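Trainee: my questions concern the predicted model and sequence given below.
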Amino acid sequence: MSNTENEELRWIEAARRGDRNAFSKLVQAYQIPVYNLTYRMLGNQQEAEDAAQEAFLRAYKRLNTYQPGRKFSNWILSIASHHCIDLLRRRRFVWLSVEDNPAVAWLASDDEQPDDAAVRSERAEEVRSMLQHLAPEYRAPLILRYWHDLSYKEIADVLELSEPAVKTRLHRARLQLGALLEEQSAATARKPKPASSPANATSGRLNTLVRSAGLAA
Amino acid sequence: MVEHQDTMDEHEIFSESMSLALDGLLSHQEQEAFDQHLAACEPCRTRWLKWQRISDLLWVEPFAGPAQGFTLRVDSLVQHEQRRRERMLGGLVLVGGTVSIWAIAALSVAITVIVGLAVTPGARWQIAEYFGFGSQAVAVVVRAATAMRDSLLTAPGPGVLAAGLCVLVGLIALWAWLVFRNGSGQQTVVAGETGRNVR
């Protein structure tokens, strides 16, 4: 067991005895992974903040159920992901038009490449929007895979699934994203090309990628 | 038609392999078969390139971080949780303590009576006499309470009695709220801070 893990266990033990400072250290260590997960799942900063806080609070209440054999990061991510999935299931259905989705609009656009900061900002927004098209069950494994770089086994541990189920969900998530991109490409092909405007000047980089894949019209 | 179906099935199989290939989970043999199929199959190659682009896009997207002060906000919630637990504990101690005291008192009386009867048989009459006085006292209290109830119901009307009951229920509810209230609603206050959330 590494020093970090030992220290983490000491914090957990102290937090179990009611030491808030020790729990704060755990929060500090895991705030970014947990917030990232809730933000990617929910797609909204305020909701993500509330969900991340709730995840930590639930973790605090359930500290006695934590088993030291399990990675604490997986345990806390498991609490956060289940909470987000519950929230998303309770949300009312919001129908998003594929043609209005900026993510795929960006992927399929023909415009010039703006500066890097603008590209990053646009990309962040568009990835967020793209994820919102996925069912929560598919969104969670995709986020854990790409952002948290978890193996299939770890994703299975976090989401309390079997490894084959994780494999299937990741596959379906990619199928859905691919289908989304195809639909948008078809929609872009149907639309007459508008005059160049700042709103349209998103990224030519991905468009080039899309065209190289033979997807753009 | 059958041939088309076979091709579709084959595409689907390779679609699953594609997902695994993106995660680097194909064995050497599977990878070879996958590469051969891609070289020969235009639709799968198109899909593969598309999935690779999406995958690249997701890999490069950085972590999102919370607004500054997140740890403090969580600490505040934890503090509220601790207080709630303490209040719960306090409530339980209060109720448990009261019940215990009454139980001990009742038990003491019972033991005294039983022991007293066993030791001094003549005490039976003394106890009977004592409870006789007691029953008279109870009767006086009951008569007083009945008179009070009647006066409330007849003189100012039943509304006063209802109001009295409402006050009583309200006081009980207030006590219960003070003892058992949880930290809900506090989250909104402490999470009010907004700012740079995405790195």
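Mentor: The structure has been received and is ready for your questions.
Trainee: does stretch B:72-81 come close to chain A?
Mentor: Yes: judged by CB under 8 Å from any CB of the partner chain, stretch B:72-81 and chain A are in contact via B:73-75, B:77-79, B:81. The way it works is simple: take the backbone N, C-alpha and C, and place the C-beta from them, glycine included.
Trainee: of these, which is the most crowded?
Mentor: Counting neighbours by other CB atoms under 10 Å in any protein chain shown, B:Val74 leads these with 30 neighbours.
Trainee: tell me which helix or strand that residue sits in.
Mentor: Assigned by DSSP states H and E, B:Val74 belongs to helix B:70-119.
Trainee: likewise A:Gly178?
Mentor: Here A:Gly178, judged by DSSP H and E, is contained in helix A:163-190.
Trainee: so what does that helix touch, helix or strand wise?
Mentor: Under the contact criterion of 3 or more CB pairs under 8 Å, 6 or more residues apart in numbering or on different chains; DSSP states H and E, the helices and strands touching helix A:163-190 comprise helix A:102-108, helix A:136-146, helix A:152-159, helix B:2-22, helix B:42-60.
Trainee: lowest average confidence across those, which one?
Mentor: When mean pLDDT is averaged over each of the helices and strands packed on helix A:163-190, helix A:102-108 scores lowest at a mean of 45.
Trainee: list the buried ones in whichever helix or strand comes after that one?
Mentor: Past helix A:102-108, further along toward the C-terminus, the next helix or strand under DSSP H and E is helix A:116-131. Within helix A:116-131, the residues that qualify as buried by neighbour count (16 or more other CB atoms under 10 Å in any protein chain shown) are A:119, A:122-123, A:125-131.
Trainee: with pLDDT and distance to A:Gly69 as added columns, please give the residues you listed in CSV.
Mentor: Below are those laid out as CSV (pLDDT from 0 to 100; distance: CB to CB, whole Å):
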residue, pLDDT, distance to A:Gly69
A:Val119, 77, 44
A:Glu122, 78, 43
A:Arg123, 77, 39
A:Glu125, 78, 40
A:Glu126, 75, 40
A:Val127, 82, 35
A:Arg128, 83, 35
A:Ser129, 78, 39
A:Met130, 83, 36
A:Leu131, 89, 32
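Trainee: that older thread, can you tell which of the helices and strands packed on helix A:163-190 is closest to A:Leu175?
Mentor: The minimum distance between A:Leu175 and the helices and strands packed on helix A:163-190 falls on helix B:2-22, with 6.8 Å, by CB to CB.
Trainee: touching chain A at all, the helix or strand just after that closest one?
Mentor: Following helix B:2-22 in sequence order, the next helix or strand is helix B:28-40 (DSSP H and E). No: shown here: helix B:28-40 not in contact with chain A (CB under 8 Å from any CB), separated by at least 12.6 Å.
Trainee: and helix B:28-40, what's its mean pLDDT?
Mentor: Mean pLDDT, computed over helix B:28-40, is 92.
Trainee: report how many residues lie close to B:Asn12.
Mentor: Careful, residue B:12 is Glu and not Asn. Here the neighbour count serves as a burial measure; for B:Glu12 (other CB under 10 Å) it reads 12.
Trainee: ok, now how distant is it from A:His171?
Mentor: 10 Å (CB to CB, to the nearest Å).
Trainee: same check on B:Leu89?
Mentor: From B:Leu89 to A:His171 the distance is 50 Å (CB to CB).
Trainee: ok and the residue in chain B nearest chain A?
Mentor: B:Leu49 (3.5 Å; CB to the nearest CB).
Trainee: would you confirm that B:Gly65 contacts A:Pro33?
Mentor: No: here B:Gly65 does not reach A:Pro33: they are 9.6 Å apart, not a contact under CB atoms under 8 Å.
Trainee: no further questions, thank you.
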